[in-house]
Structure formats: C-alpha cells, structure tokens
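Chemist: Any chance you can model this:
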Amino acid sequence: MSKLNSNDFLKIVECIIEGLDKETTDKIAKNLAFKFKDNSFVLRGLDTKRKEFSDSQVSITTAQKLSEKEKTILKDKIRAQFSGQSLKFHFDVQEEIVGGMIIRKGEEVIDNSLKNRINQIQKNIESVEI
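Modeler: Numbering: from 1, shown residues only. The predicted model follows:
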C-alpha cells in the first residue's frame, strides 16, 4: 500500500468539503487538524484549502426566504463586485435579524440587518451624556 501524499490528501479534502457551508467545513478542518497535528504538510494544506474555500464562499442571511428572482439579482450584483472569482452562494434565513441582510465572504462581513441597525442606535443613545 502506498503512502498518501499531500496533493492526494488535499484532493480528498476538496471532495469532502465541496458544497458544504463554512461552519461545517470549519468543523471538518478542525477535526482533521487535530487528528494530523504532527503532520505539517496536512496542516499547511488544510490552511491553504480553508483560505481558498473561505474566499470563494458567499453566505447571505436574510430575515425572510428570498425568491429565486431575488437570489439571482443578489448573486449578479455580488459577482460584479468580485469579477473573475468563482463564487458559491449559500442562503440562510434567520428571523431574528428582523429585516435587511448579512453578507459574508471570507473575512468580510456586511451587516445591513435591521437588528444591527437597532443595536447601533441603542449604543449611540447609551453613549450620549445628558
């Protein structure tokens, strides 16, 4: 039986995480990193794949389910901002954001939710000295 080399290992990881959301892939990466903590090529490969995955994933959270037309419009606008990049979109509904949306791509987060706006207004009011 031949040893698994780094390229083969990374191809396996790619197959495993293909189509999964960021939270799930982070859990898988953490488990693999722990399991192979003494294997530097695995750790470097996982870090590289995590960065590639994170940069290609766009997560859109809304308070209500979007129609297919609304999803297409959003995807087109976001693709225009990141032309040349292959992007994968994940849509999530979280009623607690009340309205608006939260868009995440890699380390970037645009929180245009009503909940966030209300929290900002509340912080501003609390910081005012009378």
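Chemist: Tell me, please, the helix or strand in the chain that averages the lowest pLDDT.
Modeler: helix 40-56 (a mean of 70; mean pLDDT, DSSP states H and E).
Chemist: which of the residues in the host helix or strand of residue 24 are buried?
Modeler: In the assignment (DSSP states H and E), residue 24 maps to helix 22-35. By neighbour count with 16 or more other C-beta atoms under 10 Å, helix 22-35 contains the buried residues 22, 25, 28, 29, 32. From N, CA and C alone the C-beta is placed, and that goes for glycine too.
Chemist: How about stretch 8-24?
Modeler: For stretch 8-24, a neighbour-count test (16+ other C-beta under 10 Å) marks 9, 10, 13, 17, 20, 22 as buried.
Chemist: Could you say which helix or strand holds the third one?
Modeler: It refers to residue 13. Using DSSP H and E, residue 13 falls within helix 6-17.
Chemist: hang on, the earlier thing: tell me the first helix or strand C-terminal of the least confident helix or strand of the chain.
Modeler: Counting by DSSP H and E, the element after helix 40-56 in chain order, helix or strand, is strand 57-62.
Chemist: rewinding a little: nearest to residue 91 among the buried residues of helix 22-35?
Modeler: residue 22 (13.1 Å; C-beta to C-beta).
Chemist: Make sure residue 86 is indeed in a strand.
Modeler: No: the assignment for residue 86, made by DSSP: H, G, I helix; E, B strand; the rest coil, is coil rather than a strand.
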